[in-house]
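In: just need the structure, nothing else, for what follows:
(chains A and B, ligands or ions: 1)
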Amino acid sequence: MIEYQKYLNQEVQQVKPSGIRRFFDIASEMDNVISLSIGEPDFSTPYHVRQEGIRTLEKGKTWYSPNRGFMELREEICSWMQRRYGVEYAPKTDVLVTVGGSEALDMCIRSLINPGDEVLIPEPSFVCYVPMTQMAKGVPVVMETKAENQFRLTAEELRSKITPKSKLLILPFPNNPTGAVMRREHLEAIAEVVKEHDLLVLSDEIYGELTYGNERHVCFSSLPGMKERTIVVNGFSKMFAMTGWRLGFAVGPKEIIAPMTKLHQYAIMSAPTTAQYAAVEALRNGDEDIEYMRSQYDMRRRLIVDGLNRLGLTCFEPEGAFYVFPSLKKSGLSSEEFCEKLLYDEHVAVVPGTAFGECGEGFARISYSYSIKHITEALRRIERFMGRL
Amino acid sequence: MERLLQLLKENARATSDQLAVMLNTTPEEVEKAIADYEARGVIKGYQALINWEKADENRATALIELKVSPKRDRGFDEIASRIMAFNEVESVSLMSGGFDLAVIVSGKSMQDIAMFVARRLSPLDGVLATATHFFLTRYKDGGVSFVDEETDERRDSWSD
Ligand SMILES: Cc1ncc(COP(=O)(O)O)c(C=O)c1O
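Out: Residues are numbered from 1 along each chain as shown, chains lettered A, B, ... in the order given. As a prediction, the model looks like this:
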């Protein structure tokens, strides 16, 4: 027998496996499971966008694209960033088209982090930032966001974690799993600290188009003085319901996009060609699709927030993405206990808050990217569950 | 309140409370708006969307194209209102294109419908020609697929 352990890279061995796995293994063995656990749109990609992908396949356009992505797409990305967020980027030098936002995040962290550099990461948040930092031999420094601040990152919390080794701040808003958004004034307070301490910012704005209420998403690089310090990551997965196409992008200072492009060139070559053609169509003619999906999510959001609050599973009003993050206090159970019991007793699958950082204890992530009928049935089951506790 | 209409169209059984929450308003406002729609004839009724092929019932449906000669003053309205009066008739619409009225008729059998067309519709004053098309399979109706089970094919990416 080969002792594989000794061959493996040490950093990768340090990375913790995802805690969510176990739940899906249980759920997949059960019948009649109602899931509210999935983190992707239930919509299919808008038809005209799919059509464009099909059209280019029929024409046999199946070759590599340039490493950075098709120029046509980079141009559309830049004019879109200008139109939606008022920030100017140069298609030639400031954009990298990637395999999902995920790749952009990885390339950025790997391009910036030297061993020992500290990366400031708010939690609860999406699961990739800590492992990516570890793989780059950086040091993840976790900042807890709190329900009483509506899960926003405060300047005080940020300040309290800064050391001479701090280099990069990750800003994952609108947030998965909490649904928190940062308004202009909150971002301005953060920008102040960023300037003061000479930090760079990796702003994961993948849910930027999915915000609810009157105020639109503010792109971090649109704040005065922040463009030169910020890499913005966005993508097509959530806003155009294109998760399976695997397409995202990064925009930022060309001095940072260049090394990211170098890594991308060697590790990936180029992002999927068909997806890039479809994405051009989405950016050109997809505003209405976004608006439609957004208004559907908004109705579901109100329904589920109201339903959970009535059951005493209190949640602050999430203003972005498609998740609610209710407190489980009323149940008297821990996150894991609650989710496991809910799954066994009522066959409803939700994700324990702890999957998104230790400070997610006492909460659960519930996705509302499901039909109204589905949400209504799930709420009925959760009500029955709470009644029996 | 266009969104209210859309929601009701998709789920006529949603309660006022649920509708109010989704639309960020009060149940009273929702009820007022619905009453107003009903009074103005915007909302004409609430029906279940039934797949008769699955219900244990003998039932046939046909689309009948009618060519008619319009009356001088009342155009197509007069003949349309006479056709509407038959219980067998589910819908009557004035169409552009190669014929004038589209009439959807249902009955217990194709035979019944054929008899209805021959005995009731064709003899009507002003009807010049009819063409009867029977529905064979209903794939989608009322915006809902009648053939596919609604399944969620998404797999959480954490699972295998
Ligand atoms: C906050 C956040 N960032 C990035 C991603 C990655 O998305 P993709 O790689 O599909 O663009 C996700 C996916 O769930 C996410 O929730």
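In: what sits against the closest residue in space to A:Glu358 that isn't next to it in sequence?
Out: Closest residue in space to A:Glu358, ignoring its immediate chain neighbours: A:Glu123 at 7.5 Å, by CB to CB, 6 or more residues apart in numbering or on different chains. No exception for glycine: its C-beta is placed from N, CA and C like everyone else's. For A:Glu123, the residues meeting the contact criterion (CB atoms under 8 Å, 6 or more residues apart in numbering or on different chains) are A:142-145, A:356-360.
In: now distance to B:Ile79 too, for the residues you listed, in CSV please.
Out: As requested, the contacts of A:Glu123 are arranged in CSV below (distance: CB to CB, whole Å):
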residue, distance to B:Ile79
A:Val142, 76
A:Met143, 75
A:Glu144, 74
A:Thr145, 69
A:Phe356, 66
A:Gly357, 71
A:Glu358, 75
A:Cys359, 73
A:Gly360, 68
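In: on that earlier part again, quick one: the residue nearest to A:Glu358 from A:Phe24, how far?
Out: As defined by CB to CB, to the nearest Å, A:Glu123 lies at a distance of 22 Å from A:Phe24.
In: before we move on, what about A:Pro174?
Out: Distance of A:Pro174 to A:Phe24, computed by CB to CB: 25 Å.
In: also A:Leu247?
Out: With the distance defined as CB to CB, A:Leu247 ends up 25 Å from A:Phe24.
In: repeat for A:Phe220
Out: Using CB to CB, one obtains 33 Å as the distance from A:Phe220 to A:Phe24.
In: go on, A:Phe363?
Out: Taking CB to CB as the measure, A:Phe363 and A:Phe24 are separated by 19 Å.
In: spell out the residue ranges of the helices in chain B.
Out: Counting by DSSP state H, chain B has these helices, from start to end: B:2-10, B:16-23, B:27-40, B:77-84, B:110-116.
In: buried sites along the first one?
Out: Counting neighbours by 16 or more other CB atoms under 10 Å in any protein chain shown, one finds that the buried residues in helix B:2-10 are B:4, B:7-8.
In: give me the domain ranges for the chain.
Out: Just so you know, I chose chain A. Following automatic domain parsing, one gets these domains for chain A: A:4-45+A:288-388, A:60-285.
In: not quite, I wanted chain B
Out: For chain B, automatic domain parsing gives the domain ranges B:2-39, B:52-136.
In: before we move on, the earlier item: looking at A:Leu247 and A:Phe24, which is more packed in?
Out: For A:Leu247 versus A:Phe24, the count of surrounding residues by other CB atoms under 10 Å in any protein chain shown is larger for A:Leu247: 27 against 20.
In: now for the closest residue to that one other than its chain neighbours: which residues touch it?
Out: Using CB to CB, 6+ apart and skipping the chain neighbours, the partner closest in space to A:Leu247 is A:Ala275 (4.2 Å). Neighbouring residues of A:Ala275 by CB under 8 Å, 6+ apart: A:53, A:236, A:242, A:245-247.
In: can you tell me which two in the residues you listed are farthest apart?
Out: In terms of CB to CB, these reach their longest pairwise distance at A:Gly53 and A:Arg246, which sit 12.4 Å apart.
In: okay, those two: which has more neighbours?
Out: Between A:Gly53 and A:Arg246, counted using other CB under 10 Å, the more crowded position is A:Gly53 (23 against 18).
In: need the three-state assignment for the more buried one.
Out: Classification of A:Gly53 into helix, strand or coil gives helix, according to DSSP: H, G, I helix; E, B strand; the rest coil.
In: just checking, it touches A:Thr273?
Out: No - using CB atoms under 8 Å as the test, A:Gly53 is too far from A:Thr273 to be in contact (9.7 Å).
In: and the stretch 251-389 of chain A, which residues reach chain B?
Out: Taking CB under 8 Å from any CB of the partner chain as the criterion, the stretch 251-389 of chain A approaches chain B at residues A:295, A:299-300, A:302-303, A:306, A:370, A:372-374, A:376.
In: among those residues, which ones are in helices?
Out: Using DSSP H, the members of these that fall within helices are A:295, A:299-300, A:302-303, A:306, A:372-374, A:376.
In: residues in contact with residue 82?
Out: Let's take chain A. For A:Gln82, the contact set (CB under 8 Å, 6+ apart) comprises A:88-89.
In: wait, I meant chain B there
Out: When contacts are counted by CB under 8 Å, 6+ apart, B:Arg82 is found next to B:Leu124.
In: and the gap between it and A:Pro164?
Out: Relative to A:Pro164, B:Arg82 is positioned 90 Å away (CB to CB).
In: and if you look at A:Gly362?
Out: Counting by CB to CB - A:Gly362 and A:Pro164 are separated by 34 Å.
In: count the neighbours of A:Pro91 for me.
Out: Burial of A:Pro91 is recorded as 18 neighbouring residues (other CB under 10 Å).
In: give the contact list for residue 99.
Out: Just so you know, I chose chain A. A:246-248, A:268, A:271-272.
In: wait, I meant chain B there
Out: With contact set as CB under 8 Å, 6+ apart, B:Phe99 has these partners: B:65-67, B:129, B:131.
In: okay, helices next: where are they in the stretch 151-300 of chain A?
Out: A:155-160, A:184-196, A:254-267, A:273-285, A:287-310 (DSSP state H, counting those that start in this stretch).
In: return the most buried member of these.
Out: Each of these was scored by mean neighbour count; the highest is helix A:273-285, a mean of 22, by mean count of other CB atoms under 10 Å in any protein chain shown.
In: state the mean pLDDT of it.
Out: Helix A:273-285 comes out with an average pLDDT of 98.
In: does the ligand have contacts with it?
Out: No - using CB under 6 Å from any ligand atom, helix A:273-285 stays clear of the ligand, with a minimum separation of 11.0 Å.
In: what's the answer for stretch A:125-142, then?
Out: Yes - residues of stretch A:125-142 are located near the ligand by CB under 6 Å from any ligand atom, namely A:Phe126.
In: which residues touch that stretch?
Out: Taking contacts as CB under 8 Å, 6+ apart, the residues outside stretch A:125-142 that touch it are A:11-12, A:14-16, A:18, A:102, A:105-106, A:109-110, A:113-123, A:161, A:163, A:165-168, A:170, A:172, A:175-177, A:204, A:355-357, A:359.
In: repeat that for 7 Å
Out: Under the criterion CB atoms under 7 Å, 6 or more residues apart in numbering or on different chains, residues A:11-12, A:14-15, A:18, A:102, A:105-106, A:109-110, A:113, A:115-121, A:123, A:161, A:170, A:172, A:175-176, A:355-357 lie in contact with stretch A:125-142.
In: in helices, which of those residues fall?
Out: Residues from these lying in helices, with DSSP H as the criterion: A:11-12, A:14, A:102, A:105-106, A:109-110.
In: what pLDDT is listed against the nearest residue to A:Thr314 once chain neighbours are set aside?
Out: Sequence neighbours aside, A:Ser327 is the residue nearest to A:Thr314 in space, at 5.1 Å (criterion: CB to CB, 6+ apart). Here the pLDDT value assigned to A:Ser327 is 97.
In: please apply the same query to A:Gly357.
Out: According to the prediction, A:Gly357 has pLDDT 94.
In: state the distance from it to the ligand.
Out: Look at A:Gly357 and the ligand: by CB to the nearest ligand atom, to the nearest Å, they are 13 Å apart.
In: circling back to that earlier point, reformat the helices of the stretch 151-300 of chain A as TSV; add distance to B:Gly97.
Out: Conversion of these to TSV gives the following (distance: least, CB to CB, whole Å):
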stretch	distance to B:Gly97
helix A:155-160	66
helix A:184-196	55
helix A:254-267	55
helix A:273-285	30
helix A:287-310	29
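In: tell me who's in contact with A:Arg74.
Out: Contact analysis of A:Arg74 by CB under 7 Å, 6+ apart lists A:68, A:91, A:95, A:97.
In: return the subset of those lying in helices.
Out: Among these, no member falls in helices (DSSP H).
In: out of these, which comes closest to chain B?
Out: A:Val97 (21.2 Å; CB to the nearest CB).
In: surely B:Glu88 is in contact with B:Phe116?
Out: Yes - between B:Glu88 and B:Phe116 a contact is recorded at 5.4 Å, counting by CB atoms under 7 Å.
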